[in-house]
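> Sequence below, structure please.
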Amino acid sequence: MAWIYLVTAGVLEVVWAFAMKQSDGFTRLWPSAIMAVAMAGSVGFLALAMRTLPLGTAYTIWTGIGAVGAFLVGIAVLGEQASVSRILAAGLIGSGLVLMKLSSPG
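This is a model prediction of the structure:
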(Lines give C-alpha, C1' and ligand atoms only; values in the text may rest on other atoms or scores of the structure.)
Protein backbone atom coordinates (compact mmCIF):
# COMPACT_ATOMS: atom_id res chain seq x y z
CA MET A 1 0.00 0.00 0.00
CA ALA A 2 2.92 2.36 0.70
CA TRP A 3 3.92 2.35 -2.97
CA ILE A 4 0.39 3.29 -4.01
CA TYR A 5 0.50 6.18 -1.55
CA LEU A 6 3.88 7.23 -2.88
CA VAL A 7 2.83 7.20 -6.54
CA THR A 8 -0.33 9.13 -5.63
CA ALA A 9 1.82 11.68 -3.79
CA GLY A 10 4.04 12.02 -6.86
CA VAL A 11 1.12 12.50 -9.23
CA LEU A 12 -0.35 15.14 -6.94
CA GLU A 13 3.04 16.88 -6.98
CA VAL A 14 2.74 17.16 -10.75
CA VAL A 15 -0.81 18.51 -10.35
CA TRP A 16 0.23 21.20 -7.91
CA ALA A 17 3.24 22.23 -10.00
CA PHE A 18 1.05 22.61 -13.09
CA ALA A 19 -1.62 24.47 -11.12
CA MET A 20 1.06 26.79 -9.72
CA LYS A 21 2.16 27.62 -13.25
CA GLN A 22 -1.47 28.24 -14.24
CA SER A 23 -2.07 30.46 -11.19
CA ASP A 24 0.06 33.20 -12.79
CA GLY A 25 1.83 34.07 -9.56
CA PHE A 26 -1.23 33.32 -7.41
CA THR A 27 -3.31 35.92 -9.24
CA ARG A 28 -5.91 33.39 -10.44
CA LEU A 29 -8.17 31.90 -7.77
CA TRP A 30 -9.00 28.40 -9.04
CA PRO A 31 -5.52 27.31 -10.09
CA SER A 32 -4.22 28.68 -6.77
CA ALA A 33 -6.86 26.70 -4.84
CA ILE A 34 -6.16 23.52 -6.82
CA MET A 35 -2.46 23.98 -6.12
CA ALA A 36 -3.01 24.30 -2.37
CA VAL A 37 -5.26 21.22 -2.17
CA ALA A 38 -2.96 19.11 -4.37
CA MET A 39 0.08 20.21 -2.37
CA ALA A 40 -1.54 19.23 0.92
CA GLY A 41 -2.64 15.91 -0.56
CA SER A 42 0.80 15.23 -1.98
CA VAL A 43 2.53 15.79 1.35
CA GLY A 44 -0.17 13.82 3.16
CA PHE A 45 0.24 10.78 0.92
CA LEU A 46 4.01 11.08 1.20
CA ALA A 47 3.67 10.96 4.98
CA LEU A 48 1.53 7.81 4.72
CA ALA A 49 4.11 6.18 2.45
CA MET A 50 6.89 7.06 4.89
CA ARG A 51 5.23 5.00 7.60
CA THR A 52 6.85 1.94 6.03
CA LEU A 53 9.25 3.12 3.32
CA PRO A 54 12.70 4.48 4.14
CA LEU A 55 13.03 8.27 4.02
CA GLY A 56 15.64 8.26 1.27
CA THR A 57 13.59 5.99 -0.96
CA ALA A 58 10.26 7.74 -0.43
CA TYR A 59 11.58 11.27 -0.82
CA THR A 60 13.74 10.47 -3.85
CA ILE A 61 10.93 8.74 -5.70
CA TRP A 62 8.40 11.45 -4.75
CA THR A 63 10.59 14.23 -6.10
CA GLY A 64 11.55 12.17 -9.14
CA ILE A 65 7.94 11.49 -10.11
CA GLY A 66 7.26 15.19 -9.69
CA ALA A 67 10.28 16.25 -11.74
CA VAL A 68 9.73 13.86 -14.64
CA GLY A 69 5.96 14.33 -14.52
CA ALA A 70 6.25 18.12 -14.59
CA PHE A 71 8.74 17.84 -17.45
CA LEU A 72 6.30 15.69 -19.46
CA VAL A 73 3.34 17.98 -18.72
CA GLY A 74 5.46 20.95 -19.73
CA ILE A 75 6.16 19.37 -23.10
CA ALA A 76 2.72 17.84 -23.73
CA VAL A 77 0.49 20.62 -22.41
CA LEU A 78 2.55 23.80 -22.30
CA GLY A 79 4.56 23.29 -25.49
CA GLU A 80 7.95 23.44 -23.81
CA GLN A 81 11.08 22.38 -25.68
CA ALA A 82 11.77 18.65 -25.98
CA SER A 83 15.46 18.66 -26.83
CA VAL A 84 17.53 15.49 -26.89
CA SER A 85 19.50 16.56 -23.84
CA ARG A 86 16.35 17.32 -21.79
CA ILE A 87 14.80 13.97 -22.74
CA LEU A 88 18.05 12.18 -21.87
CA ALA A 89 18.15 13.94 -18.49
CA ALA A 90 14.55 12.92 -17.74
CA GLY A 91 15.39 9.36 -18.80
CA LEU A 92 18.30 9.28 -16.38
CA ILE A 93 16.05 10.47 -13.57
CA GLY A 94 13.52 7.78 -14.50
CA SER A 95 16.27 5.14 -14.51
CA GLY A 96 17.33 6.26 -11.06
CA LEU A 97 13.77 5.92 -9.81
CA VAL A 98 13.53 2.36 -11.12
CA LEU A 99 16.86 1.45 -9.50
CA MET A 100 15.75 3.05 -6.21
CA LYS A 101 12.53 1.00 -6.28
CA LEU A 102 14.36 -2.23 -7.09
CA SER A 103 16.85 -1.72 -4.28
CA SER A 104 14.29 -0.85 -1.61
CA PRO A 105 12.31 -3.07 0.74
CA GLY A 106 8.54 -3.17 0.53
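> Ala67 versus Val77, what's the distance?
According to Cβ to Cβ, to the nearest Å, Val77 stands 16 Å off from Ala67. In this view, the C-beta of every residue, glycine as well, is placed from N, C-alpha and C.
> Would you mind telling me which of those two has the busier surroundings?
Between Val77 and Ala67, counting by other Cβ atoms under 10 Å, Ala67 is the more crowded of the two (19 against 11).
> Helices of this protein, start to end?
2-22, 29-49, 55-76, 84-102 (DSSP state H).
> deepest of the ones you listed, which one?
helix 2-22 (a mean of 20; mean count of other Cβ atoms under 10 Å).
> what helices or strands is it leaning on?
Other helices and strands packing on helix 2-22, by 3 or more Cβ pairs under 8 Å, 6 or more residues apart in numbering; DSSP states H and E, are helix 29-49, helix 55-76.
> Now do the shortest one against helix 55-76, angle only.
Pointing back at helix 29-49 there. 150 degrees (axes from the mean of the first three to the mean of the last three Cα atoms, to 10 degrees).
> and the gap between the residue nearest the centre of the chain and Glu80?
Nearest to the geometric centre of the chain sits Gly66, at 1.7 Å (Cα atoms, centre = their mean). Separation of Gly66 from Glu80 (Cβ to Cβ) stands at 16 Å.
> Could you report the separation of the residue of the chain most remote from its centre from Ser103?
Note on the chain: the largest C-alpha distance from the chain mean falls to Thr27, namely 23.3 Å (Cα atoms, centre = their mean). In this view, Thr27 and Ser103 are 43 Å apart by Cβ to Cβ.
> Mind pulling the model confidence for the residue nearest to the centre of the chain?
At Gly66, the pLDDT value in this model is 96.
> still on that earlier bit, save the helices and strands packed on helix 2-22 as a markdown table, and put in distance to Val98 too.
Below are the helices and strands packed on helix 2-22 laid out as a markdown table (distance: least, Cβ to Cβ, whole Å):
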| stretch | distance to Val98 |
| --- | --- |
| helix 29-49 | 17 |
| helix 55-76 | 10 |
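> Of all those helices, which one is nearest Gly10?
helix 55-76 (2.7 Å; Cβ to Cβ).
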